[in-house]
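1. sequence first, then the predicted structure:
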Amino acid sequence: MTLRRALGIGGLAALGVLVALAGIVAWLNLHGEERLGPAPPRAQAGTELLTRGEALTRAGDCTGCHTARGGRFLAGGRAIETPFGNVYASNLTPDADTGLGTWSADEFWRALHHGRSKSGRLLYPAFPYPNYTRVSRADADAMFAYLQSLPPVMQPNRAHSLAFPFGTQAALAVWRALYFRPAIHVDDPARPAEWNRGAYLVEGLGHCNACHSARNALGATRGTLDLQGGLIPVQNWYAPSLASAREAGVAGWPKHEAVQLLKTGIAPQGFVMGPMSDVVLNSTQHLGDADLAAMASYLQALPPPTESDPPPAAAPAPSARGAALYKDHCVACHGERGEGVPGAYPALAGSRAVTMRSAANLVHIVLEGGFPPSTAGNPRPFGMPPFAPVLQDADVAELLSFVRASWGNRAAPVSALDVARARTGRQ
Amino acid sequence: MTLRDARRAASRLAALLLFLVAAPAFAEPFADTMAQRLLACTGCHGPEGRAAADGYYPRIAGKPAGYLFNQLLNFRDGRRAYALMTNLLAPLDDAYLREIAAHFAGLDLPYPPPAPPALSPADLAAAARLVAEGDPARNLPACSACHGKEMTGTAPFVPGLVGLPRDYLNAQLGAWRNGKRVAQEPDCMAAIAGKVAPEEIGRISAWLAGQPVPAGAKPASGFATPMPMACGGVPATGAAGTAGGAAGKPR
């Protein structure tokens, strides 16, 4: 056998493997899809269907991405920043040229369930179809009817700007072959109906794990069941574990307090800030009490993680500089002993938000300040001023180290480098 | 001194005393007030505006409520670009922003003394003429046509231009001129600033900062003559996109 012939056979074999792999990728992307029928004539959607569709659209927090800041409702245009580049949310209004005006209910279902567009194009998982795939066909139809009832807005979609090769359909097909399978929600008969409803909402429309779960180098989570916390890429807020008692787990809370947190943004043992403020503002405050109670039931029943690293037995002595900064800037609201003011300023003593391992959120809150969301249950929230104009990274580090080691708190100190990392997003 | 003057003096003295007492507001015991809820604002803006290393935080006390509300919307909805303000306001709805605007509009705090302008008499006269008369040749309306004869603003949408530092006025006019500050359409101030040369902006700002604030200054209650042009931030004259849900976004 000549060398040339050997190379030829090797090349053919390699080509064959490539074709087979491409075939597997294509099959993994498309199998299980029903053929789309011709669009049935549009029936006039009843009020009840539209109300249900609106509630489901709120539960999915569609507006969180599909309404640009100051833009028209659900007309798209907002940049979803990812480590791979920007994905621009699309126009969901029923405009025929730029929105979903010519879509059928089947095509909308396919987008939610299979992550493919009307044209068949594979959609980026910034659109959380790894979660939405669990939405029932009936609920998808109600959402579609509601979206089709909105005033159409003529607003062309922006092309995504993703680094090579992430912007290619081939790369996306491989990603989907590795990390995406269409799924349906199946009730667990061993669990109460309320828990099952909660599972359906948390794993599906709520797409809680899109933030509350770590992502791997290719941006994939470990599946919709993982709610063990993760740093939100680019925004660099840490979405705490919903399972851990040391972070944001609510197993130890009275259930009505977990409902209260999602409904009003504040609860006796904590309140929401940062990206979660937007979620409460746009999504959870609009949900019915039964659905919120279902979500709370599900979250309370999450299996606690095996905590690997015990907190240090004794916190290092806080520095005098940190104490002085606290006295200058924080004591008036948060109190001499970090006790806060109930309903207005959170206690810092014994606060999980203060002592959990990641200090990223503390850095954001000190530098940027913030309000919890204004909701029907808390229409005039108390705010915290931003300290970025007055505190340097080293100051923030001293201050946070002091707070994390005072009044019984025993958390590791924060370095100026930690502050810079949280502030700039560079790891 | 008339009775009215005496009352005015007394109220100013009371305001000053209140300010002196309230200045270390952080040390006050907790009280459930709007001022307490809005320490996030006064932390930077102070009671009367405050210069800081990264720029000037303008006075918000006593500005017309509609103007303040429009600015809160402009920051929240991304027409004005300052990330700290945008992030701070992002989770707040229109109803609360309207209350915040009303709270600060209702404050009556003393104004700082004017800063004497370092301008030649000719430049001073040119600035004064532009402010009071505009320039018909350029179709440039007088500042006072909308901001009030005494330049203390016109309630509820047009802010006063006196009692502000030169640097702040310069920065705002400059930002409008190069598109960094944007208001609701039609953006009348962008159109106006686009017709004013940079050196004229400098003179106008210096002249305005040099004007004393009239005693008991309040925004005028209405326009003496119809506004010379349509402004999106002033609903009576503007077209679409007025105060209150300019984006048409149900929140």
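-> Okay, I see it.

2. now do the same for residue A:113: its pLDDT.
-> The model reports residue A:113 with a pLDDT of 97.

3. spell out which parts of chain A neighbour chain B.
-> Contact residues, chain A versus chain B (C-beta under 8 Å from any C-beta of the partner chain): A:67-73, A:265, A:277-278, A:280-282, A:332-333, A:341, A:344, A:368-374, A:379-390. (C-beta placed from N, C-alpha, C; glycine too.)

4. who in the stretch 1-150 of chain B is up against chain A?
-> So the stretch 1-150 of chain B meets chain A at B:25-28, B:30, B:32, B:34, B:36-44, B:52-54, B:76-79, B:84, B:86-93, B:95-96, B:99 (C-beta under 8 Å from any C-beta).

5. give me the neighbour count for residue A:134.
-> Applying other C-beta atoms under 10 Å in any protein chain shown, we find 23 residues neighbouring residue A:134.

6. name the SS class of it, please.
-> coil (DSSP: H, G, I helix; E, B strand; the rest coil).

7. any idea how many residues pack against residue 207?
-> In the absence of a named chain, chain A is used. With other C-beta under 10 Å as criterion, residue A:207 counts 26.

8. that answer is for a different chain, and I need it for chain B
-> Residue B:207, neighbours per other C-beta under 10 Å, totals 24.

9. pull out the buried residues from the helix or strand hosting it.
-> Per DSSP states H and E: residue B:207 is located in helix B:198-209. Across helix B:198-209, burial judged by 16 or more other C-beta atoms under 10 Å in any protein chain shown covers B:200-209.

10. per-residue confidence averaged over stretch A:88-99?
-> On average, stretch A:88-99 scores 98.

11. how about stretch A:367-385?
-> The model assigns stretch A:367-385 a mean pLDDT of 96.

12. now stretch A:151-161
-> 97.

13. name the residues that touch it?
-> A:71-77, A:79, A:85-88, A:90-91, A:93-99, A:101, A:124, A:167 (C-beta atoms under 8 Å, 6 or more residues apart in numbering or on different chains).

14. out of the residues of chain A next to chain B, which end up buried?
-> A:67-68, A:70-73, A:265, A:277-278, A:280-282, A:332-333, A:368-374, A:380-390.

15. which SS class is the closest residue to chain B within the stretch 101-250 of chain A?
-> Proximity of the stretch 101-250 of chain A to chain B (C-beta to the nearest C-beta) peaks at residue A:151, 8.4 Å away. Assigned with three-state DSSP, residue A:151 falls in the coil class.

16. care to break chain A down by domain?
-> Domain assignment for chain A, taken from automatic domain parsing, gives A:44-179, A:193-300, A:320-424.

17. could you list the low-pLDDT ranges of chain B?
-> B:1-28, B:52-54, B:237-251 (pLDDT under 70).

18. how near is the residue nearest in space to the middle of chain B to residue B:45?
-> Among the residues of chain B, the one closest to the centroid is residue B:159, at 4.0 Å (C-alpha atoms, centre = their mean). Taking C-beta to C-beta, to the nearest Å as the measure, residue B:159 falls 14 Å from residue B:45.

19. can you map out the strands along the stretch 101-250 of chain B?
-> With DSSP state E, counting those that start in this stretch, there are no strands along the stretch 101-250 of chain B.

20. can you tell me the residue of the stretch 51-200 of chain B closest to chain A?
-> Closest point on the stretch 51-200 of chain B to chain A, by C-beta to the nearest C-beta, is residue B:77, at 2.8 Å.

21. residue A:319: what's it in contact with?
-> A:398, A:401-402.

22. kindly recompute the last result at 10 Å.
-> Counting by C-beta atoms under 10 Å, 6 or more residues apart in numbering or on different chains, residue A:319 touches A:325, A:397-399, A:401-402, A:405, A:413.
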